[in-house]
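> could you work out the structure for the sequence below:
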Amino acid sequence: MNPNDMKKISLEKRYIIYASILLLCVIIPALPYIKVKTLEMPFIVSLYWCILIGIMLFILPWLYIPVKNPASRYLVGYGLSGGIIFIALKFVPAVFMKKLGASPYDTSIPGIFVNALTIIPAITAKEMIRYYSFASACKTLKYKRTAIFLITIIMCLVEINFGNLLAIKEFKELFIYSTQILLPIAAKNILMSVFVFYGGVLSSVVYIGIIQIFEKCFPVLPELSWLLDGAIGIAFPIVYAMFISDHVFATVRKRSEDKKSDVMYLISLLAATAFTWFCVGVFPVYPSVILTGSMEPLIMPGDVVLVHKISNEDEIYELSKGDIINFKRGNIIITHRIKEVLKDEAGNLSFETKGDNNNAIDEEKVQPNDIKGIVIKVVPKIGLPTLILKGQDKIPEGVIDN
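Model prediction:
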């Protein structure tokens, strides 16, 4: 398109063209072939994003989203606190569960520098493009919300690894991938769009920047189960986006209503956090889903048992015949009844266990280090969704199950 043709185009159409080209600049590096090639050239990719930032700052006419609210100045603080809360939601359970692993990234001083150099330009450019596209839609299009929704979808799609997605062959794998990867990507982009729309580029960059820098620069990282990882990745961004939209940008509300809403959101967030930590065993009592019928009729498949965590040696010695214990066997958690407490000549304990519905005792004795806790309560049927997902898991060798 030559300059004379450009002059004939209305200003509004120019904004749409600019935004479309910028979105295309986000899509191109995400294409599978190009993405693989650019992994070997991190500095070239960073330079690419820096050039886009320069074009938006110094060449293109900058646009503004027409949102005027004095509370928008607090959004950078919300981005900072949100990023810290998100990290804590994943890190704290991992600490209690001892599910921390070494980072796969280079966390040396030069490595941290390179990681930061690749993270900051990329997220800054992408969020500037998100903002520019939103502003262009608000300024020129009739169906602004639809345009913003579609832009958010595009920003989601460029993060998805379609190679991994297309390699999935079973529904269970698809469900796990959706829960752990796809839905958290969507939830994150919804929150970032809220940040960008109401608070500008900086609030979104601060939020996602803190999370990504932590993930790529901290020497140890949480290694949570797919279910917990996905639950946090989906729930927190959605709840936080609702909190920001309602708390900061409600147009007409009394001060007392604002305070009441703040308290309700805080209670909801704390309750969700406490429930998540309860499910993963942060507290002295934790839940465990029963997958087999070895303990029928007392405990049926799909029931959830509440287990009191055993945390010291004295509690091991207090276990007796007839207690139902929760113990590890490989990567599987088993819930069976103690049939005999055995003690060798040196005074070391071991436990002979059996499922109430089984014909024989378990072949392998349970060692104290394998015991997680003692069952104190049975809650019927609430674990059925987990039973459906894990129904094909194999019983470990040495545990008899009919």
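
> who are the contact partners of Ala30?
Residues in contact with Ala30, defined by C-beta atoms under 8 Å, 6 or more residues apart in numbering, are Leu157, Val158, Glu159. All C-beta spots, glycine's among them, are computed from the backbone N, C-alpha and C.

> compare these and tell me which is most surrounded.
Val158 (17 neighbours; other C-beta atoms under 10 Å).

> not counting sequence-adjacent ones, nearest residue to that one?
Using C-beta to C-beta, 6 or more residues apart in numbering and skipping residues adjacent in sequence, the residue nearest Val158 is Ala30, 3.8 Å away.

> what about the one you found, distance to Asp362?
Distance, Ala30 to Asp362, by C-beta to C-beta, to the nearest Å: 51 Å.

> check Ile109 too.
According to C-beta to C-beta, Ile109 and Asp362 sit 51 Å apart.

> Pro42 now?
Applying C-beta to C-beta to Pro42 and Asp362 gives a distance of 52 Å.

> from Leu80, how far off is the residue positioned nearest the centre of the chain?
The chain has Gly233 as the residue nearest its centroid, 2.3 Å off, counting by C-alpha atoms, centre = their mean. Separation of Gly233 from Leu80 (C-beta to C-beta): 19 Å.

> equivalent analysis for Pro61, please.
Distance, Pro61 to Leu80, using C-beta to C-beta: 30 Å.

> neighbour count for the two, which is higher?
Higher neighbour count among Pro61 and Leu80: Leu80, with 15 against 10, using other C-beta under 10 Å.

> name the residues of the helix or strand that contains the more buried one that are buried.
Assigned by DSSP states H and E, Leu80 belongs to helix 75-97. Residues of helix 75-97 classed as buried by neighbour count (16 or more other C-beta atoms under 10 Å): 75-76, 78-79, 82-83, 86-87, 89-94, 97.

> same for that helix, what does it pack against?
When contacts are defined as 3 or more C-beta pairs under 8 Å, 6 or more residues apart in numbering; DSSP states H and E, helix 75-97 packs onto helix 183-199, helix 201-217, strand 220-222, helix 226-249, helix 255-280.

> what comes up buried for the strand ranked longest in the chain?
Longest strand in the chain by number of residues (criterion: DSSP state E): strand 332-343. Buried residues in strand 332-343, defined by neighbour count with 16+ other C-beta under 10 Å: Ile333, Ile334, Thr335, His336, Arg337, Ile338.

> can I get the residues you listed in JSON lines with pLDDT and distance to Ile244?
Below are the buried residues of strand 332-343 laid out as JSON lines (pLDDT from 0 to 100; distance: C-beta to C-beta, whole Å):
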{"residue": "Ile333", "pLDDT": "84", "distance to Ile244": "38"}
{"residue": "Ile334", "pLDDT": "89", "distance to Ile244": "44"}
{"residue": "Thr335", "pLDDT": "92", "distance to Ile244": "42"}
{"residue": "His336", "pLDDT": "94", "distance to Ile244": "48"}
{"residue": "Arg337", "pLDDT": "93", "distance to Ile244": "50"}
{"residue": "Ile338", "pLDDT": "92", "distance to Ile244": "51"}
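
> and the residues you listed, which is closest to Ala122?
Lowest distance from Ala122 to the buried residues of strand 332-343 (C-beta to C-beta) belongs to Ile333, with 40.1 Å.

> residues in contact with that closest one?
Ile333 touches Ser288, Asn326, Phe327, Lys372, counting by C-beta under 8 Å, 6+ apart.

> which residues are in contact with the next helix-or-strand element following the helix holding Leu80?
The helix or strand immediately downstream of helix 75-97 is strand 100-102, counting by DSSP H and E. Strand 100-102 has contacts (C-beta under 8 Å, 6+ apart) with Ala94, Pro219, Val220, Leu221, Pro222, Glu223.

> and the residues you listed, which of them are buried?
The neighbour-count test (16+ other C-beta under 10 Å) marks Ala94, Leu221, Pro222 as buried among those.

> not counting sequence-adjacent ones, nearest residue to the first one?
The one in question is Ala94. In space, and not counting its chain neighbours, Ala94 is closest to Pro222: 3.4 Å by C-beta to C-beta, 6+ apart.

> and Pro66, by the same measure?
Per C-beta to C-beta, 6+ apart, closest to Pro66 is Cys138, 5.9 Å.

> quick one: contacts for the closest residue to Arg130 other than its chain neighbours?
Spatial nearest neighbour of Arg130, chain neighbours left out: Val196 (5.1 Å); criterion: C-beta to C-beta, 6+ apart. Neighbouring residues of Val196 by C-beta under 8 Å, 6+ apart: Glu127, Arg130, Tyr131, Phe134, Ser203, Ser204.

> ranking these by neighbours, who comes first?
In the contacts of Val196, the most neighbours by other C-beta under 10 Å go to Ser204, 29 neighbours.

> quick one on the thing from earlier: can you list the strands that the longest strand of the chain pairs with?
Partners of strand 332-343 in the sheet, by DSSP bridges, are strand 324-329 (antiparallel), strand 349-354 (antiparallel).

> list phi and psi for Tyr286.
phi -140, psi 160 (degrees, to the nearest 10).

> and if you look at Gly355?
The phi/psi pair for Gly355 (degrees, to the nearest 10) is phi -80, psi 140.

> so where's this structure shaky on pLDDT?
1-9, 67-72, 247-266, 269, 273, 276-277, 279-282, 386-402 (pLDDT under 70).

> and the lengthiest helix in it, what does it pack onto?
With secondary structure taken from DSSP state H, the chain has its longest helix at helix 109-140. Under the contact definition 3+ C-beta pairs under 8 Å, 6+ apart, helix 109-140 sits against helix 11-30, helix 42-58, helix 144-157, helix 183-199, helix 201-217.

> Glu296: which of the ones you listed is closest?
Proximity to Glu296 (C-beta to C-beta) singles out helix 183-199 among the helices and strands packed on helix 109-140, at 34.6 Å.
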